[in-house]
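Chemist: Can you look at this prediction? I've put the sequence above it.
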Amino acid sequence: MIFGTGTSLTIETKEEFPPSYFKLGAGDTKACLAAGFSRNNVHVNNSLFNRTRPVQIHPDSLYNQVVLLSSKEDEERCDNAEEPDPCDDSVEQDPALNLVALTVLGLRLIFLKTVVFNVLMTLRLWISQ
């Protein structure tokens with residue numbers, strides 16, 4: 001909250017969570033992400049993060065901050081960075097789910113067959129009269 005010019009109030013928790021640093025990048029674009037920290041001014045010693053402000057997604061959540069790396073010097077400052085774990089996008093098969101999907105497919109086919117049969121019988125009745 002800001003009260004007038006130059007006066008600000010920051011409410012922080014007593015619990016301290018240190019930031020986790022991650023180097024991110026695709027092609028020539030690289031970034032350093034500091035995630036999951038509890039203090040707004042945690043990066044006082046790291047001038048790399050002075051260009052951006054930390055943000056909270058939810059008022060009760062931890063801070064996150066990202067900065068784009070523009071030089072090799074910036075990359076060296078993000079030295080505490082951990083390599084992010086690769087995402088595991090494999091989906092395990094669930095036999096019960098497969099059975100349910102097969103049952104629903106069977107019921108849809110029976111319903112479709114019933115509708116087609118009723119339409120044909122109705123048309124046959126109309127034609128015979």
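Modeler: That came through fine. In this text, all values refer to a predicted model and were calculated from it rather than measured experimentally. Numbers count the residues shown, from 1 in each chain.

Chemist: Okay, helices next: where are they in the protein?
Modeler: For the chain, the helices defined by DSSP state H cover 72-77, 95-128.

Chemist: now, of those helices, which is deepest in the fold?
Modeler: helix 72-77 (a mean of 13; mean count of other CB atoms under 10 Å). Where C-beta positions appear, they are placed from N, C-alpha and C, glycine not excepted.

Chemist: Contacts for that helix next, please.
Modeler: Helix 72-77 has contacts (CB atoms under 8 Å, 6 or more residues apart in numbering) with Lys23, Lys30, Cys32, Asn46, Ser47, Leu48, Val67, Leu69.

Chemist: I'd like the C-alpha coordinates of stretch 102-117 written as PDB, please.
Modeler: Presented in PDB, the C-alpha positions along stretch 102-117 are these (Å, rounded to 0.1, in the frame of the first residue of the first chain):
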ATOM      1  CA  LEU A 102     -15.400 -48.700 -24.100                       C
ATOM      2  CA  THR A 103     -18.700 -49.000 -22.300                       C
ATOM      3  CA  VAL A 104     -19.700 -45.500 -23.200                       C
ATOM      4  CA  LEU A 105     -18.800 -46.100 -26.800                       C
ATOM      5  CA  GLY A 106     -20.900 -49.300 -26.800                       C
ATOM      6  CA  LEU A 107     -23.900 -47.500 -25.300                       C
ATOM      7  CA  ARG A 108     -23.600 -44.700 -27.900                       C
ATOM      8  CA  LEU A 109     -23.600 -47.300 -30.700                       C
ATOM      9  CA  ILE A 110     -26.700 -49.100 -29.300                       C
ATOM     10  CA  PHE A 111     -28.400 -45.700 -28.900                       C
ATOM     11  CA  LEU A 112     -27.600 -44.700 -32.500                       C
ATOM     12  CA  LYS A 113     -28.800 -48.100 -33.800                       C
ATOM     13  CA  THR A 114     -32.100 -47.700 -31.900                       C
ATOM     14  CA  VAL A 115     -32.600 -44.200 -33.400                       C
ATOM     15  CA  VAL A 116     -31.900 -45.400 -36.900                       C
ATOM     16  CA  PHE A 117     -34.200 -48.400 -36.500                       C
END
